Structures are given as structure tokens and as C-alpha cells.
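Asks: can you look at this prediction? I've put the sequence above it.
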Amino acid sequence: MSNSTNHEILHYLRVLNRYLATLGTPLDIITKGPATLPQKAVYLAQAAGADLGYDYNWSPDFGPYSKELANDYYKLSEEAALNNIRVLKKNDPKNVDGIQLPVSMVTSLEKLAPLINTPDECPLPQTLWLRLAAAIHWQFTRHNYSIDDVRELLKQGLTTPSFVNKLRTPLTPYFDLAEAKLAEVGLITPEPWAVVSNYYLNLDLTHEEAIADAKEIQRRNQAGVSILRNETAKRLTRPLIKLAPAA
């Protein structure tokens, strides 16, 4: 390996080091394991526009997984262990390592904080929280499933990483919270018929009215109509499946 090539590799690893620190998932020097936390964090960050060029595939064991990122992360760990690279933390000065990320990338990384950081109301450790969020995002965006489909698949243990089925701590109770955080940072878009107006909550609807609303909104969505101006629009405020009482 030439000195120039080695210099280029070290420079890129320093970029990755700064990227992880800015994202809020700084390097953790490890010698084995799938490095789940950076895998899921970088996957979500790339989806948000902070692209490092890593290709991801679905792993039956780990969910969204990039072999290239795994290799680079281990190289970074090795260089840090040799003191060739200083491990950065989120609040370290931006000029401490001579690496400056593009402003647009920093903005994309920092806006993910509500998702990357485990919400106060969620008892899951950060690794499990991001496993859940990444699994939901992958299935929702790569397979064009509805959110309800993804929720049911996760509940059944289908098209989800095998680790989900082996966990003592179930993830499904936190599905709605993960969905809300993914939507908050703009990584998924709720189905357009799901939320229109808080006015709906104050109405006393019959079962037939709720079903009629569902059909009307679905028809308008299929026709590409995004603005509703009739009584249906006034009534809708949440997923209609929750509005209609059991038959």
C-alpha cells in the first residue's frame, strides 16, 4: 500500500469518524459483533440525504446492513486503537481533526436527533430503538407496504430480522412511537387519508358515515386529490380503521 493510498484511507476514515460524531453515534472501539448501532444510524442518515455512498441489503439476522460500512467501521476502530485517529464525540470542536463536513450534510444529520436519540418515553436501549426504526423504514419504503401492513408483519415476525423474534424485550409496543419519529424527521409520509382535521374527534358518527368517509378519501387519493373541501374533510383526523366500531 502506497503512502498516498494510506493517506487517502485515513482521510476518509476521519470523515466517517466526524460523520458518526455529528450524527450522535460516535465510534465505539470494538473487536467483534455486527456494530448494529452505526449500521442502523448511517442507514437512516443516508435516507435523510446525508449520503456516504454505502449500499444496504436486507440481512435476515440484522435488518438493513452494509458490508462496506462494516469493513470501514472496523478499520476506523483499528486506527483509533492505534491512536492514529482520535475518537470524536458529538460536542467536540469542529476543527479538532481538520475535517469539515458539507453544511448540507451536517444539517441532514442534526435534524435526525429526534429519531437517533431514544425518546424519553421509550425504555429501549438506543441499539434496539434504531433496529426497530430501520426495520420499519426499510419495509415501508422498499416494499411499498402500508404502515398497517408493516405493523402486522412485525407483530408476526415476518420480513423482519430474526433478532426481533429472539428478543426478550418486544419491540411492537413501540411501533407507533417509532413511526411518529420517522414521520417527524421526514423519513416516511403518513398515508394522506389518515389525518385531516381535529374537528372529527368532536363528532358523533355512525358506522356507515365512517365507512363512507374511508371510501371517499381512498377514492380521492387514488385520483390524486390532496385537498378536500366537503364534510368528509372536516370529519377525518385519524386512521379510519380506528374510527369504525366493530361490526
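Replies: Yes, it's here.
Asks: how about the longest helix belonging to the chain: buried residues?
Replies: The single longest helix within the chain, with elements called by DSSP state H, is helix 3-23. Neighbour counts over helix 3-23 (16 or more other C-beta atoms under 10 Å) mark 13-23 as buried. (Each C-beta comes from the backbone N, C-alpha and C, glycine too.)
Asks: who are the packing partners of the next helix or strand along the chain from that helix?
Replies: Using DSSP states H and E, the helix or strand that follows helix 3-23 in sequence is helix 36-47. Applying 3 or more C-beta pairs under 8 Å, 6 or more residues apart in numbering; DSSP states H and E, one finds that helix 36-47 contacts helix 3-23, strand 63-65, helix 67-81, helix 113-116, helix 126-142.
Asks: so helix 36-47 versus helix 67-81, what angle?
Replies: Interaxial angle, helix 36-47 versus helix 67-81 (axes from the mean of the first three to the mean of the last three C-alpha atoms, to 10 degrees): 120 degrees.
Asks: got the contact list for helix 36-47?
Replies: Defining contact as C-beta atoms under 8 Å, 6 or more residues apart in numbering, one finds that helix 36-47 is touched by 19-20, 23-25, 27-28, 52, 54, 56, 62-66, 69-70, 73, 108-109, 112, 115-116, 126-127, 130-131, 133-134, 137-138, 141, 187.
Asks: check stretch 73-86 too.
Replies: For stretch 73-86, the external contacting residues (C-beta under 8 Å, 6+ apart) are 9-10, 13-14, 16-17, 27-31, 35, 38, 87, 96-97.
Asks: just the CA atoms of that stretch, as CSV, please.
Replies: The C-alpha trace of stretch 73-86 is given here as CSV (Å, rounded to 0.1, in the frame of the first residue of the first chain):
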residue,chain,number,x,y,z
TYR,A,73,-16.1,0.8,10.8
TYR,A,74,-13.7,-1.9,11.8
LYS,A,75,-10.8,-0.1,10.1
LEU,A,76,-11.7,3.0,11.9
SER,A,77,-11.8,1.1,15.2
GLU,A,78,-8.3,-0.3,14.5
GLU,A,79,-6.8,3.1,13.6
ALA,A,80,-8.4,4.6,16.7
ALA,A,81,-7.0,1.8,18.9
LEU,A,82,-3.5,2.6,17.4
ASN,A,83,-4.0,6.3,18.2
ASN,A,84,-3.8,7.2,14.6
ILE,A,85,-7.3,8.7,14.8
ARG,A,86,-8.9,10.5,17.7
